[in-house]
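**Student:** Make a model of this:
(one chain, ligands or ions: 1)
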Amino acid sequence: MTIKSHERILMTGAAGNLGKQMRTRLKANCSQLRLSDRLAFDGDAQAGEEIMLADLADAQAVMRLVEGVDAIVHFGGVSVEGPFNPILNANIIGIVNLYEAARQHGVKRVVFASSNHVTGFYRQSETIGVDSAPRPDGFYGLSKAFGEDVARFYFDRYGIETACVRIGSSFPEPKDRRMLATWLSFDDLHRLITACLTTPVLGWSVIYGMSNNAVTWWDNTGARHIGYVPQDSADVFRDAVYARTTAPDLGDPAVQFQGGGFVKMGPFPG
Ligand code: 15L
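**Tutor:** Below you'll find the predicted structure:
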């Protein structure tokens, strides 16, 4: 059973792929869910919802957005590798705007959708922990590493607690062999967010967002205090994924490194 731990939760990036999935689920966590994105939503606010559009790069708009909420689930921003300027605006300027608004409005807890691409340049033959040094695999991964540092600063200085959730691959099912390791079901993502919102003491924490997959490169032992227990597993899709994909080329960087195809995207000249 999901615990209704907050009065009003803000979810940014609510019109995106994961935002749409979490929209219905997160209503169980609060009395009022404030949904935000940069662009218009399909359809109106439903019962228990309110919609506020805001560009994360606009500090004043973000300040208005955060007023009156008691927790933030931050999915907003650019969610794939690409040219630097959009990432700079949405992910780098945007996260500073968000935490500054959280500080000024007294918000005490944030769940930050970080990414496995913060550590994408570790090899698929390595297992890393939540305290392994970042090795970002592009501008996107760099921006998420920066976001994690901003969150840490706002915890150390102002006591705002954050879970930096390094999401693996959250899709209806694993699309390829890499995702047999990185897959996170939508229901497990909701379980993870709920754990981050409800654990008594969160502090500043990093946790990898993955389901209970047999093959894994990430060890969440250092995040046991969050109390996340995944219920789903990529393993039920294993045979089907092997049947429709060819054997990996071990010379391909996308196969060598945990970040997969992201490690060889670009360059994106400014
Ligand atoms: C991410 O961070 C992306 O947002 C998502 O689209 C996937 O590509 C995922 O990483 C992944 O690594 O599979």
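**Student:** residues near the residue in the stretch 151-270 of the chain that the ligand sits nearest to, how many?
**Tutor:** Closest approach between the stretch 151-270 of the chain and the ligand, counting by C-beta to the nearest ligand atom: S169, at 3.4 Å. Glycine gets a C-beta too; all of them are placed from N, C-alpha and C. As a burial measure, the neighbour count of S169 was computed by other C-beta atoms under 10 Å and equals 21.
**Student:** so who does it touch?
**Tutor:** By C-beta atoms under 8 Å, 6 or more residues apart in numbering, the residues touching S169 are 116, 175, 178-179, 182-184.
**Student:** With D219 instead?
**Tutor:** Taking C-beta under 8 Å, 6+ apart, we find D219 in contact with 127-130.
**Student:** Give me the subset of the residues you listed that lies in helices.
**Tutor:** Assignment to helices by DSSP state H places none of the contacts of D219 there.
**Student:** For those residues, which entry has the maximal number of neighbours?
**Tutor:** The most neighbours of any of these, using other C-beta under 10 Å, belong to V130, which has 19 neighbours.
**Student:** Am I right that that one is in contact with M210?
**Tutor:** No. The pair V130 and M210 fails to qualify as a contact (C-beta atoms under 8 Å) at a distance of 11.9 Å.
**Student:** anything in contact with each of these two?
**Tutor:** With contacts defined as C-beta under 8 Å, 6+ apart, the residues adjacent to both V130 and M210 are 218, 220.
**Student:** Now the longest helix anywhere in the chain: buried residues?
**Tutor:** The helix that spans the most residues within the chain, counting by DSSP H, is helix 139-158. Residues of helix 139-158 classed as buried: 139-148, 150-152, 154-155 (neighbour count, 16 or more other C-beta atoms under 10 Å).
**Student:** filter these by proximity to the ligand?
**Tutor:** Restricting those to those within reach of the ligand (C-beta under 6 Å from any ligand atom) leaves nothing.
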